[in-house]
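J.: I would like the atomic coordinates for the input below:
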Amino acid sequence: MTIEKFSTDFLDASPVVDRIPSSATLRFKIVKRLVDLSFSLLLLPVFILIACILFVLNPYLNRGRVMYSQKRVGQDGETFRIYKFRTMEGKNEESRFATEEQARIRRLGRFMRATRIDELPQILNVLMGQMSMVGPRPEQVKFFKQYTAAIPGYAARQQVRPGITGLAQLKYGYTSDEVGTARKLKWDLEYIRRSGFRLEFYIIAKTVVFVFQRLCNVDTKTKL
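T.: A predicted model of the protein is given here:
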């Protein structure tokens with residue numbers, strides 16, 4: 001399945017929208033939630049094992065707590081606390097992009113980021129119904145307000161649960177500016193508009209392949 005082109009007609013017709021038409025059926029939504037719960041429960045033992053390993057390693061390689069939480073914006077604009085394995089030393093209460101925090105990332109943190117292991121605790125958010133396995137990435141509150149004011153239609157991505165992975169992440173990757181965020185928004189809205197079993201399977205399969213490739217090809221500088 002290829003998804004290299006997408007239509008933005010639904011944006012051009014109404015540049016400022018809070019919701020867009022979605023192809024998601026009730027059956028799809030029910031099955032999607034069951035898949036979310038199944039994946040999260042299957043990954044729970046892995047999460048516990050890695051948390052225990054990090055509890056032992058952190059005093060030597062990444063001093064501080066094993067996990068951290070941060071406020072993010074979820075479905076319908078409601079805020080929640082996202083959970084991740086901590087990859088940075090020290091503490092910073094300000095909302096900042098990851099690219100501005102490189103000096104605080106040590107070897108263990110770089111390894112977790114490179115392999116996406118730091119994202120694993122988000123299965124807790126999935127179990128609590130705050131997130132899904134697939135959906136738009138949840139944004140920090142400060143940046144959500146900034147993008148909503150600057151980018152037409154940005155709030156429309158909040159009509160679904162945010163996800164650990166998603167079409168925009170696969171197609172565009174990380175960005176720290178409004179231009180990149182606007183481009184990712186089109187992929188997020190295309191995901192909402194075309195929601196269905198085929199697209200969901202495509203995103204999950206691509207994510208599994210991506211993570212496996214990262215685990216097998218981690219740069220030597222990030223290895224422990």
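
J.: need the helices for the chain, in chain order.
T.: Counting by DSSP state H, the chain has helices at residues 9-12, 26-61, 107-115, 122-127, 141-150, 167-171, 178-193, 197-216.

J.: how close does Gly135 get to Asp76?
T.: Gly135 sits at a distance of 13 Å from Asp76 (criterion: Cβ to Cβ, to the nearest Å). Where you see a C-beta, it was placed from the backbone N, CA and C, and this is true even at glycine.

J.: These two - which one has more neighbours?
T.: The neighbour comparison of Gly135 against Asp76 (other Cβ atoms under 10 Å) goes to Gly135, with 28 against 11.

J.: Report the buried residues of stretch 143-154.
T.: 143-144, 146-148, 151, 153-154 (16 or more other Cβ atoms under 10 Å).

J.: Next up, the contacts around Gln70.
T.: Each residue near Gln70 by Cβ atoms under 8 Å, 6 or more residues apart in numbering is listed here: 81-82, 84, 140.

J.: neighbour-wise, which of the residues you listed leads?
T.: Greatest neighbour count in those, by other Cβ under 10 Å, goes to Ile82: 24 neighbours.

J.: From what I see, that residue and Arg72 are in contact.
T.: Yes - with contacts counted by Cβ atoms under 8 Å, Ile82 reaches Arg72, the gap being 4.6 Å.

J.: okay, and the common contacts of the two?
T.: Listed as contacting both Ile82 and Arg72 by Cβ under 8 Å, 6+ apart are Pro138.

J.: where's Phe143 relative to Ala24, distance?
T.: Counting by Cβ to Cβ, the gap from Phe143 to Ala24 is 26 Å.

J.: meant to ask about Ala51, not that
T.: Counting by Cβ to Cβ, the gap from Ala51 to Ala24 is 33 Å.

J.: neighbour-wise, which of those two wins?
T.: It is Ala24, of Ala51 and Ala24, that has more neighbours when counted by other Cβ under 10 Å, with 18 against 14.

J.: From what I see, the more buried one and Gly196 are in contact.
T.: Yes - because the distance of 6.9 Å satisfies Cβ under 8 Å, Ala24 is recorded as touching Gly196.

J.: Now Arg63. Nearest residue, chain neighbours left out?
T.: Spatial nearest neighbour of Arg63, chain neighbours left out: Glu89 (6.3 Å); criterion: Cβ to Cβ, 6 or more residues apart in numbering.

J.: Next up, the contacts around the one you found.
T.: 62-64, 104-106, 109.

J.: Relative to the whole chain's centre, how far out is stretch 135-150?
T.: Here the centre of mass of C-alpha atoms in stretch 135-150, compared against the chain's by Cα atoms, centre = their mean, to the nearest Å, lies 13 Å away.

J.: list the contacts for the nearest residue to Phe47 once chain neighbours are set aside?
T.: Leaving aside its sequence neighbours, Phe47 sits nearest to Leu120 (Cβ to Cβ, 6+ apart; 5.2 Å). By Cβ under 8 Å, 6+ apart, the contact set of Leu120 is 43, 46-47, 50, 85.

J.: Ends of stretch 136-153, what's the gap?
T.: Length of stretch 136-153, first residue to last, Cα to Cα, to the nearest Å: 14 Å.

J.: The residue nearest to Phe47 and Tyr202: what is the separation?
T.: Leu120 sits 22 Å away from Tyr202, going by Cβ to Cβ.
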